[in-house]
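J.: Here is my input; please provide its structure:
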Amino acid sequence: MAGAYASLASEATGTVPAAVESDHVPHFQDSNLQIFPPAYDTRENMTSLFRPPNDADETFSQPGHGGQGGQGIPGPNQAWQGYFNVLSYRPYFNVDTVDVTDRIKDSLKVDVGFVEKTSQNPDMYGPFWICSTLVFVTASLGNLAAYLSYKSKTTGGHWHYDINLMSSAALVFYGYVGLVPLALYFLLRYLGVTSGVFQLWCLYGYSLFVFIPASFLSVVPWEIVRWLVVGAASFMSAIFVGGNIRTQIRTANDRWLAIVIGTVATHLALGLVLKFYFFTYFQHDAL
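T.: Below you'll find the model as predicted:
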């Protein structure tokens, strides 16, 4: 029996392969699923979950470099929540003083390359403050211009402060910048032209800056000066918007000329509203 066991042991040792040393050590890949809740990059904050309505596949409007968020695709509920989440719109306010100043300068230079320069980071910060400044400037200076016109008259009459100019100015400028680009966006989409609503809002918002200095110059109580100032401002703003729209759509649709003419006409109409409503004084007869 001892010999049999010895023989069996010798055969067994001969059948067992020797261990082979190897540098490869198998391991599991790192995954955020190993912890709960999953790890989350604090640099992206909430933008990885909630995203604003953007035109990521379009040329007119691209979200800022902070607007892409995480690599995951948000679900339907998260997408809808993004429309009502303030943090989702933060990338469109991701500008500093230098950016806003440069864009204002481009609007005054009637730069037709404004769309390309702002395509990666269209902002709503500049347009919001430009419209807000215009509301207060046109309302206050409109009353001042009316008072100076009244004082320059030699005939009788009376003058009173028109507080309604403030609400009218808010309706005109906020409504124009908000609704006209939105209508143009849907028109371009209907015609099959690639466009982006945020880029249009950015373009139209900065185009109104020229009306701020024009409002100050319109205080001069001479009608010819007011007409020249408002006319020049309206022309510059209209050319700025029309030139940028033309650059983007002239090769995309055969009706580009009609669209450009329409954008220029609406800007000139805004100038007429500014002149007739805010800087035209009709003297009232004395009671």
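J.: residue boundaries of the strands in this structure?
T.: Counting by DSSP state E, the chain forms no strands at all.
J.: quick one: the helices in this protein?
T.: According to DSSP state H, the chain carries its helices in the segments 2-15, 76-83, 97-108, 114-117, 125-152, 164-190, 197-207, 211-217, 223-249, 256-273.
J.: what does stretch 160-167 contact?
T.: With CB atoms under 8 Å, 6 or more residues apart in numbering as the test, stretch 160-167 has contacts from 135-136, 138-139, 142-143, 146, 278. Any C-beta I mention is one placed from the backbone N, CA and C, and that applies to glycine too.
J.: one step back: which of the helices of the chain is buried the deepest?
T.: Compared across the helices of the chain, helix 197-207 shows the largest average neighbour count, a mean of 26 (mean count of other CB atoms under 10 Å).
J.: What is that helix packed up against?
T.: Under the contact definition 3 or more CB pairs under 8 Å, 6 or more residues apart in numbering; DSSP states H and E, helix 197-207 sits against helix 97-108, helix 114-117, helix 125-152, helix 164-190, helix 223-249.
J.: got the angle between that helix and helix 97-108?
T.: Taking axes from the mean of the first three to the mean of the last three CA atoms, to 10 degrees, one finds that helix 197-207 is oriented at 70 degrees with respect to helix 97-108.
J.: what is the mean pLDDT for helix 197-207?
T.: For helix 197-207, mean pLDDT rounds to 94.
J.: Using CSV, write out the CA atom coordinates for it.
T.: Included here for helix 197-207 are C-alpha records, laid out as CSV according to Å, rounded to 0.1, in the frame of the first residue of the first chain:
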residue,chain,number,x,y,z
VAL,A,197,-32.8,81.9,-30.9
PHE,A,198,-30.1,82.8,-28.3
GLN,A,199,-27.8,84.1,-30.9
LEU,A,200,-30.6,86.2,-32.4
TRP,A,201,-31.5,87.6,-28.9
CYS,A,202,-27.8,88.5,-28.4
LEU,A,203,-27.6,90.2,-31.8
TYR,A,204,-30.7,92.3,-31.4
GLY,A,205,-29.9,93.2,-27.8
TYR,A,206,-26.5,94.6,-28.6
SER,A,207,-27.9,96.4,-31.7
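J.: How about the contacts made by residue 170?
T.: Shown in contact with residue 170 (CB under 8 Å, 6+ apart): residue 135.
J.: Dump the contacts of stretch 160-167 to JSON lines, plus distance to residue 183 and pLDDT.
T.: JSON lines is the format used below for the contacts of stretch 160-167 (distance: CB to CB, whole Å; pLDDT from 0 to 100):
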{"residue": "135", "distance to residue 183": "21", "pLDDT": "94"}
{"residue": "136", "distance to residue 183": "26", "pLDDT": "94"}
{"residue": "138", "distance to residue 183": "23", "pLDDT": "92"}
{"residue": "139", "distance to residue 183": "26", "pLDDT": "91"}
{"residue": "142", "distance to residue 183": "27", "pLDDT": "86"}
{"residue": "143", "distance to residue 183": "31", "pLDDT": "84"}
{"residue": "146", "distance to residue 183": "32", "pLDDT": "79"}
{"residue": "278", "distance to residue 183": "24", "pLDDT": "86"}
